[in-house]
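# Sequence and predicted structure are below.
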Amino acid sequence: MARSVLVTGGNRGIGLSIARELAAAGDAVAVTYRSGEPPEGLFGVRCDVTSSEDVDTAFSKAEAEHGPVEVVVANAGVTRDTLLPLMKEADFTGVLDTNLTGAFRVAKRATRGMLKMRRGRIIMVSSVVALLGSAGQTNYAASKAGMIGFARSLARELGSRSITVNVVAPGFVETDMTASLESGQQQAILKNVPLGRAATAADVARAVKFLASEDAAYITGAVLPVDGGLGMGH
Ligand code: NDP
């Protein structure tokens, strides 16, 4: 039977690519979308991850359609970049609320069904900047680093139930999120990427597919870089 999968922020960018990759592999995929329309061909559930109620409803709808969620990908994320002296407290707490507390809400709701099934895959989309740091992104880097501590702690809590919790740490990926960077900034990042190119969303999706697969059954608490070597050594 097809596994029930939920991908947050699956209406565009990396999340959409993950959803399409898993659907192509035979999973029954639900994606959350916050605004606009759900992507064609995928089961869409409206959800803002800053609301526990939204997260609960999204899971309930996905479960009603596809059964208990067996694979969850906490992908929804935002940036609000600026240097610390200019950063408003709301820029910091807002990014944390979406990226880190959002992942907490999603993982907590996901474990309900997974604990009963005694199996599951929780995958979080962090970032190379979690470990490398990034000027102008203290809020974002803190949220993505927090995700790693969260995932590793949860991996310890859930291991005995055959539920794995892993993190992917993408580098520079061509999506809407990075499109607003000036070409000078883009070139400066790419200069430090040994593979010499940006990632496509599909590069990240394939790594997520691996962590969600049976082949990754003995991998938990891992941080898998998908960064062309940008963060090597961290
Ligand atoms: P996009 O900006 O293209 O997409 C972000 C997605 O997150 C959208 O689907 C968006 O929904 C959703 N989202 C944002 N806020 C919320 C919210 N409060 N509730 C529900 N959904 C929300 O970004 P990417 O695809 O590039 O990024 C996806 C993930 O990958 C993020 O966590 C990002 O931090 C991470 N990442 C990206 C990198 C990159 O270079 N692009 C590098 C490393 C990590 P909506 O359409 O409604 O806005």
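Good, I have the coordinates. The shown structure was predicted, so the numbers you read here are calculated from the model rather than taken from an experiment.

# all strands for the protein, in order.
Here the chain has its strands, by DSSP state E, at 4-7, 28-33, 43-46, 69-74, 120-125, 163-170, 223-226.

# Quote the end-to-end distance of stretch 76-90.
Using C-alpha to C-alpha, to the nearest Å, the end-to-end distance of stretch 76-90 comes to 18 Å.

# I'd guessed residue 22 sits against residue 75; true?
No - the pair residue 22 / residue 75 is not scored as a contact, 11.7 Å apart, by C-beta atoms under 8 Å. No exception for glycine: its C-beta is placed from N, CA and C like everyone else's.

# so what sits against both of these two?
Residues touching both residue 22 and residue 75 (C-beta atoms under 8 Å, 6 or more residues apart in numbering): residue 7.

# More neighbours: which of the two?
residue 75 (29 against 25; other C-beta atoms under 10 Å).

# From residue 141, how far out is the more buried one?
Residue 75 is 17 Å from residue 141, where distance means C-beta to C-beta, to the nearest Å.

# Also residue 107?
Applying C-beta to C-beta, the value for residue 107 to residue 141 is 20 Å.

# Point out where the chain drops to low pLDDT.
For the chain, not a single residue meets the criterion pLDDT under 70.

# Enumerate the residues of it near the ligand.
Contact residues (C-beta under 6 Å from any ligand atom) of the chain with the ligand: 8-9, 11-15, 32-35, 47-50, 75-78, 98, 125, 127, 170, 172-173, 175-178.

# check contacts around residue 124.
Counting by C-beta under 8 Å, 6+ apart, residue 124 has contacts 73-74, 103, 107, 147, 150-151, 165-168.

# Likewise for residue 100?
142-144, 146-147, 150.

# now with 7 Å?
143, 146-147 (C-beta atoms under 7 Å, 6 or more residues apart in numbering).

# now those residues in CSV, with neighbour count?
Compiled in CSV, the contacts of residue 100 are given as follows (neighbours: other C-beta atoms under 10 Å):
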residue, neighbour count
143, 28
146, 18
147, 26
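
# count of neighbours near the nearest residue to residue 11 once chain neighbours are set aside?
Closest residue to residue 11 apart from its sequence neighbours, by C-beta to C-beta, 6 or more residues apart in numbering: residue 33 at 3.6 Å. Counted by other C-beta under 10 Å, the residues lying close to residue 33 total 23.

# From what I see, residue 33 and residue 44 are in contact.
Yes - using C-beta atoms under 7 Å, residue 33 makes contact with residue 44 at a distance of 5.3 Å.

# shouldn't residue 79 be in contact with residue 179?
No - Residue 79 is not in contact with residue 179 according to C-beta under 7 Å; the separation is 11.8 Å.

# who has more neighbours, the two?
residue 79 (20 against 9).

# In contact with that one, which residues?
By C-beta under 7 Å, 6+ apart, the residues touching residue 79 are 95, 137, 140, 177.

# One more pass at 10 Å, please.
Neighbour list for residue 79: 91, 95, 98-99, 127, 129, 134, 136-137, 139-140, 143, 177-178, 180 [criterion: C-beta atoms under 10 Å, 6 or more residues apart in numbering].

# got it, and residue 208?
Going by C-beta under 10 Å, 6+ apart, the list of residues near residue 208 reads 7, 14-15, 17-19, 21-22, 71, 73, 75, 121, 123-125, 166, 168, 170, 224, 226.
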